[in-house]
Structures are given as structure tokens and as C-alpha cells.
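Trainee: quick one, fold the following:
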Amino acid sequence: MIDPQSIPIDKIDVSALELWRENRHLPLFERLRREDPVHWCAESMFGPYWSITRFDDILAVDTNHQAFSSEAELGGIAILDARQDLRLPMFIAMDPPKHDAQRKVVSPIVAPASLADFEPIIRERAGRILDALPRGETFDWVDRVSIELTTQMLATLFDFPFEDRRKLTYWSDVATVIPQPGAIVETDDEKVAVLMECLREFTTLLLDRAAAPPKNDLISMLAHGQATQNMPPEEFLGNIVLLIVGGNDTTRNSITGSLLALSENPEQFAKLRADPSLIPSMVSETIRWQTPLAHMRRTATQDVELGGKTIRKGDKVVMWYISGNRDETAIDQPDRYIIDRERPRHHLSFGFGVHRCVGNRLAEMQLRIVWEEILGRFPRIEIMGDPLRVNSCFVRGYESLPVRIPA
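Mentor: Modelled structure (predicted):
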């Protein structure tokens, strides 16, 4: 383990993938918050970039879309500069007013009335998934619970063929991966080919929905929405990828993260079992603790002063939500997992400003329901080994987690 104090401050690169795969990034962020909260990294596998690491500075960037753009053409929302044919326009990678018009088309699916309709469906499925888990033998929690629950929900949101739902997980993983040897796709060309396959399947569904009366599913909404019905193919694909990733990664990795955090903090697990009314608060604390999307990126559209530094027009600016969520100046005892915090929803995991996560209430509801169902069934779930973490500084997630439910 490298001592974070031994690295010269100007050589710190918090985007290095091995830090994330080995879960070694947090001490470096702590040092940056303390010594250089608006930090210039001149060399990385993603090129030069600014790291914004404190809660209030991240808020300042996230809410100033005039000076800090999300536009796909300028680089989009992730630290990786996508190749031109992988640079997909999507409403999260647009600035107002186009962003606002497209977001408005899909937002009814996560309105309170829709969530009330989804709740019994999610509860019935969560119960069925949990009841089917083996007892007394080790299995992968990520595959059997986290992926299965979120993928079933995604299939419902899209009204996607249910038997093909694992394609949604696959496309989500491909969309967010950095192609390299051993990855789910190893080259940009492979990634393009898989995303084109995704586009073909969804275009067929789009044409079907456009020819039918409007319904309460995401593809029908895109097909009939005034701001989205005539999107060019790459923009349609961009928005589909956004909705798949947004509906998949946050919830899926927080379901796994919650089990891990509770197991690592047994006094909090005991507190939860003694008082299940703490589940909603535990869910918010988990989403802060896990920070399933570690960063969002912006591109400066003008010279800006921030934290005593001058960010130049065209610079890549990375808001490290994972660091802001551990900022001791904004959150009390941020390195502790406390399920009954006074303000558990005071975190950055959903972003702020015009790009705040549209599905945040749905994510919270899925997590709440799955934990209500877990507590009603299992006195104990044992972690049987270390999690395998995703090789990414964007998605802070898990590939697998071996667990056992005692017989």
C-alpha cells in the first residue's frame, strides 16, 4: 500500500484505475481536500484534468452550467474523452434549454403516482428473488440479487421483452467500460459494435411504440414526446444508454454496497434489525457511503476562478462526488457509516442543479423495499470473501460478492 503522503502533490492522479479496483482512492482524496482541493493533474490515462474534491466547490461547479458545460461535443460527463463515433448526445450531456425539454419527456415515469404503481411490483419481485436464494451454500449476491432486481425493474420501465432483460445489464456494462485487455469489450470497435446492436433492438421497439397509442413506458414516452420523437439515431441511442445506466448502476451497486457496509459495521446492522423504521435513512446513508457514480465531468466554457485557481476555457473539470461525500467540512464524521444520521439525504451522489438524477426517488424506493423484504426473511447474511470491484473511476461498483445465508 502506497503512503498517500509520499507522493508529490502535483503527481497525484486519482483517476488511476488500480486505485479503484483495489479500493485505495479515499486517502488520496482526503489529502487533496486538505492540501489542494482544486487540483490540476497534468498527466493521466485520460489526459490533463482538474479535480474538484470539496463539497461546496462541487456544488459551485454542478450548479453553474453556463461556465461548466455537459455538452457531448465538448467532452460530455465522464473523464474519458470518447472517440467521435462513441460520443453520444443524451440529455444529461446537454445544456439547457434542450436538456430541460428532453428530461421533461421521461420524468413522468418517476412521478409520485408512477412510483406508487411500481411499489407492489417491486415488492413482489424482490420477495420472489429472495425466496429463490440458496441456503447454506455460497452464491454471488451481485448476480442473484443486485443485478436481477434492477434488471427486472429496467425491463418494466422500458416495457422491454422480459426474457431478454439481461441484455440491458450487458449493454449498461459495455456503455460504461473503458475498453482494454480482459474487459467486457477490449477495443473501441467492439464497443461500437455492441452499442449498434443495442440501437437496432431499441429502434425496432421505438417504431412499434410510435405506431401505437402512448403508454407509460420510457420508449413510448420518447416515441411520442415532442422534444424526442424526431431524434437522430445517435441521440436516441445516447438517451437509451443514459436511461439504462441510470436505472441500473446506481441501484445495483447500492444494493451490494448496503450489504457490505452493514456487514462491516455490525453495530449499525444490529441497530437496523432492532428498528426497521430506520431503513429509509439507512438507504440514504448507503447512497452517500457507496457513491455509485464516483464523478461527473464538465468542460469549462470560459476562464473561471475557483479555490484560488484559474480554470481555463476548454479545461476538463472532474467533480469527485465520492470525495465531496467524505468532506468533513460539510458532513459530520463522514468516514463513519451511520444509518440514523441527522440529515442522511445531505450528499452529492445524485448530483445537483439541472442535472440532478431524475430517478433518485425510484432508486431509493427499490433499496427500501429490498431491505424491508430482507429483514423479514434472513436473520443473517454472511460475507464469504472480498468483493471484486469494477475496474472504473466512473462507476464505483462490484462485479461479484460471495455470500452465504445460513441454513
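Trainee: hey, let's count contacts and neighbours off CA atoms from now on
Mentor: OK.
Trainee: mind checking how far Arg31 is from Phe158?
Mentor: Counting by Cα to Cα, to the nearest Å, the gap from Arg31 to Phe158 is 43 Å.
Trainee: Leu218 too?
Mentor: Taken as Cα to Cα, the span from Leu218 to Phe158 is 5 Å.
Trainee: re the thing from before, of Arg31 and Phe158, which one has the most company?
Mentor: The residue with more neighbours, out of Arg31 and Phe158, is Phe158; 20 against 16, by other Cα atoms under 10 Å.
Trainee: residues touching the more buried one, list them.
Mentor: Asp217, Leu218, Ile219 (Cα atoms under 8 Å, 6 or more residues apart in numbering).
Trainee: dihedrals phi and psi, Leu218?
Mentor: phi -60, psi -40 (degrees, to the nearest 10).
Trainee: wait, it sits on Val106?
Mentor: Yes. Using Cα atoms under 8 Å, Leu218 is in contact with Val106, at 6.3 Å.
Trainee: show me the contacts for Cys288.
Mentor: Small correction: residue 288 is Arg, not Cys. Counted by Cα under 8 Å, 6+ apart, Arg288 has contacts Asn325, Arg345, His347, Leu348, Ser349.
Trainee: about what we covered before: same list (the contacts of Phe158) but as a markdown table, adding pLDDT and distance to Asp164.
Mentor: Converted to a markdown table, the contacts of Phe158 look like this (pLDDT from 0 to 100; distance: Cα to Cα, whole Å):
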| residue | pLDDT | distance to Asp164 |
| --- | --- | --- |
| Asp217 | 88 | 17 |
| Leu218 | 88 | 17 |
| Ile219 | 89 | 16 |
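Trainee: only the buried subset of those, as a ChimeraX command please.
Mentor: Restricted to buried positions by 16 or more other Cα atoms under 10 Å, the ChimeraX selection for these reads:
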select :217,218,219
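Trainee: can you name the element that comes right after the host helix or strand of Val283?
Mentor: Val283 belongs to helix 279-290 when assigned by DSSP states H and E. Using DSSP H and E, the helix or strand that follows helix 279-290 in sequence is strand 295-300.
Trainee: residue ranges for the strands of this protein, please.
Mentor: For the chain, the strands defined by DSSP state E cover 38-41, 49-52, 68-69, 138-140, 295-300, 304-306, 309-311, 316-320, 382-383, 388-389, 398-400, 402-404.
Trainee: and the longest one, what's its mean pLDDT?
Mentor: If I follow you right, that is strand 295-300. Across strand 295-300, pLDDT averages out at 95.
Trainee: just checking: what are the partner strands of that strand?
Mentor: strand 68-69 (antiparallel), strand 316-320 (antiparallel) (DSSP bridges).
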